[in-house]
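Trainee: Show me the folded form of this:
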Amino acid sequence: MQGRIKLFVFFGLIASGKSTLAEKWAQKTGAGYYNSDRVRKGLAGLDSTSPQQESFNAGIYTPEFSRRTYDRMLALAEAGLSAGKPVVLDGSYHSQQERALVKELGQKLGVRLLFVLCHCSETTTRKRLAIRAQDQEAVSDGRWEIYLKQKKGFSTPSELADDEIIHLNTEATVDELIGRMEREEARKVKDFNRRK
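Mentor: Next up is the predicted model:
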């Protein structure tokens, strides 16, 4: 398996800052970028900014539709990685099972991956959701009540080894966070290559 990291998975709760950071990281690294909200709405034949006000686990957010969404994310990642391009996946990846499927893909293709768990305070989450509610170009349909339900079902990523994950508090500027990402990635690559 190569030392360089080719697959990045930005995950966490609603309004954790993962999508802003994931998209910027993809732009900086030239990676293919796949966002679960965009993929989900694309599968439903909807415009990415078309608001969906369904309740938790309803409409395009049922477990069955979520399965379709994350399977499509895996297929897109495989196509990009097989073409030799790094890939950024951006979604909640709230369960160990979902994360295991991504790890299996990495193992199948022989590429290293890195999970980036994004988090922030609930005060910041509330502020971000309030701003998002006023943004007509917002892609995510996350709301406070959805956040609370998602938080209950979020599985702590205790199954991931230290060299597979970065914990990132997103209460900083995007430039600061990108700098941290660069340093953490470099450190993990160096540690991995030293152990080879």
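
Trainee: Would you mark the buried spots in the top helix by length along the chain?
Mentor: Ranked by residue count and defined by DSSP state H, the top helix of the chain is helix 174-195. Going by neighbour count (16 or more other Cβ atoms under 10 Å), the buried part of helix 174-195 is 177, 178, 180, 181, 184, 185, 188, 189, 192. Every C-beta, even on glycine, is put in place using the N, C-alpha and C of the backbone.

Trainee: Kindly reformat those residues as a markdown table containing pLDDT.
Mentor: As requested, the buried residues of helix 174-195 are exported to a markdown table (pLDDT from 0 to 100):
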| residue | pLDDT |
| --- | --- |
| 177 | 97 |
| 178 | 97 |
| 180 | 95 |
| 181 | 95 |
| 184 | 92 |
| 185 | 91 |
| 188 | 87 |
| 189 | 84 |
| 192 | 75 |
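
Trainee: contacting residues for residue 36?
Mentor: 69, 70, 73, 89, 90, 91, 92 (Cβ atoms under 8 Å, 6 or more residues apart in numbering).

Trainee: What distance do you get for the closest residue in space to the fifth one that isn't next to it in sequence to residue 175?
Mentor: Read it as residue 90. Nearest residue to residue 90, sequence neighbours excluded (Cβ to Cβ, 6 or more residues apart in numbering): residue 22, at 3.9 Å. Residue 22 sits 15 Å away from residue 175, going by Cβ to Cβ, to the nearest Å.

Trainee: before we move on, back to that, do me a favour and average the pLDDT over the host helix or strand of the residue nearest to residue 90.
Mentor: Per DSSP states H and E: residue 22 is located in helix 18-29. Computed over helix 18-29, the mean pLDDT rounds to 96.

Trainee: Please, where are all the strands along this structure?
Mentor: 5-11, 32-35, 87-90, 112-119, 165-169 (DSSP state E).

Trainee: Strand partners (parallel or antiparallel) of the fourth one?
Mentor: In other words, strand 112-119. Taking DSSP bridges as the criterion, strand 112-119 pairs within the sheet with strand 5-11 (parallel), strand 165-169 (parallel).

Trainee: between that strand and helix 174-195, how big is the angle?
Mentor: Angle of strand 112-119 versus helix 174-195, following axes from the mean of the first three to the mean of the last three Cα atoms, to 10 degrees, is 140 degrees.

Trainee: For strand 112-119, give me every contacting residue.
Mentor: 1-13, 16-18, 21-22, 93, 99, 102-103, 106, 157, 160, 164-170, 181, 185, 188, 192.

Trainee: do that again at 7 Å, thanks
Mentor: Contacts of strand 112-119 with the rest of the structure, by Cβ atoms under 7 Å, 6 or more residues apart in numbering, involve 1-12, 16-18, 21, 99, 102-103, 106, 157, 160, 164-170, 185, 188.
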